[in-house]
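S.K.: Any chance you could fold what I've pasted below:
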Amino acid sequence: MQELTQFIFKESQLPELIFAVIFSLGVALFYSVIISSLYKEFKPAWLFFALLPLFVIVSNILFNIHPFVVILFLFLLLVLLTIIGGILKGVKSSIDGIKKRSKKETLPKIFLDIIKNLILVAAFIAAFIYFDTATIIVIFVLLFVIKLFSSSNTKNFLNLQASLPTSKIKSMAMGLVEVSGHTIMQEPMLSRIGKKECIGYQYKIEQKSKGRDGKTDYSTISNEVVCNNFLLDDGTGQVEIVADAIDFLWIEETDSYSSASKRYTQYLLTDNQSIILIGKANSDANRIFIEKEPIKNIFMLAPNNSVGRWNRNKPLLNNFLVYLAIVFLIIAFILISEINVDGDTINLNFNLSWDSLSITKLFE
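M.R.: Numbers count the residues shown, from 1 in each chain. Take a look at the predicted model:
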């Protein structure tokens, strides 16, 4: 313990402090991305780029704490805040999901979901009681990494459009296809806001609330997509899109208004709109159409220009996610290692048994 104290309060050189301040700006990037996504009430996120370097400088000048120790503390704090924020966000999502249940659902089904959530909370508490610290840290870090790369309808669409060749409508094969072209309206419908003619619309209702900083926050209450069948023309031919269960992505917002407690927004799919669509090409009595693909559970469209912009920025995002995952894994291995301070040297001994890091021993 005395050696550790000596290292924490070891006198640092000016180059070390400068390096730590610059490095803290990189740490601030992780804080701004993770904290702003998990803690919506914390705004603005750019404050981290001022507070973290200031924290490093003040800790070193006023309390003589080595700047590298401060950087390690900031990383550990980020891991802790990420775990807590993930738990709180999961609980809130479960509560919101229960609140939005259809009135047609039976009470037993709602109670069953409540019991499932209570079991998850109980399992989390049991983990802290019966598992050692190292196991808990590794589990949560791995869950965070898995979450970064987990699939969703949007991710499936973006991954598929990057790997699937764009088929020509005139010669496309049956099965999973990606097609691109301009929409042709067959039977117009009227939008929810403004009663405008369109092929389909996405209508979102959000609850307004005041954040701690006085700014207005929004949480989605409902988000529905309504769409009629339409034709898609790519210059080589036309194909009917059977729009049941279709999803919209990045359709431009056209109308929005607010009441005292809610905000209402709509996004319109209109005639002659350039889109890319992924679904299942099928045929029935000499009629070719595209519908939802049931195996991959994909049927989505997005504007061509938005998808092109995503493809240009995707390599940068992938590099960031990989870097983020590596950093958290490194932190996890540091936390489950036995740390020995020998003068100016820190030795990390990785012990697979992890017995020395149990919860009970930490408080002895």
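S.K.: so how many other residues sit close to Ile34?
M.R.: Neighbour count of Ile34, defined by other Cβ atoms under 10 Å: 20. Every residue, glycine included, has its C-beta placed from N, CA and C.
S.K.: and it, what does it touch?
M.R.: Leu78, Leu81, Thr82, Gly85 (Cβ atoms under 8 Å, 6 or more residues apart in numbering).
S.K.: please redo it, this time with the cut-off set to 7 Å
M.R.: Ile34 makes contacts with Leu78, Thr82, as judged by Cβ atoms under 7 Å, 6 or more residues apart in numbering.
S.K.: what do you get for Thr183?
M.R.: Contact partners of Thr183, counting by Cβ under 7 Å, 6+ apart, are Ile199, Phe230, Leu232, Leu269, Asp271, Asn272, Gln273, Ile275.
S.K.: does it belong to a helix or a strand, and which?
M.R.: Element membership of Thr183, judged by DSSP states H and E, is strand 175-185.
S.K.: So which bits of that strand are buried?
M.R.: Burial within strand 175-185, assessed by neighbour count using 16 or more other Cβ atoms under 10 Å, is assigned to Leu176, Val177, Glu178, Val179, Ser180, Gly181, His182, Thr183, Ile184, Met185.
S.K.: follow-up on the earlier one: give me the buried entries from the contacts of Thr183.
M.R.: Ile199, Phe230, Leu232, Leu269, Gln273, Ile275.
S.K.: any low-confidence regions in the chain?
M.R.: Low-confidence segments of the chain (pLDDT under 70): 1-4, 6-7, 40-45, 89-151, 211-214, 325, 328-329, 331-364.
S.K.: mind running it again at 50?
M.R.: Regions of the chain meeting the criterion pLDDT under 50 cover residues 100-106, 352-364.
S.K.: show me where it has helices.
M.R.: 2-8, 14-38, 48-63, 67-99, 107-130, 133-148, 153-163, 304-335, 359-362 (DSSP state H).
S.K.: Reformat the buried residues of strand 175-185 as a markdown table; add distance to Leu14.
M.R.: As requested, those are arranged in a markdown table below (distance: Cβ to Cβ, whole Å):
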| residue | distance to Leu14 |
| --- | --- |
| Leu176 | 60 |
| Val177 | 62 |
| Glu178 | 57 |
| Val179 | 61 |
| Ser180 | 57 |
| Gly181 | 62 |
| His182 | 63 |
| Thr183 | 63 |
| Ile184 | 68 |
| Met185 | 68 |
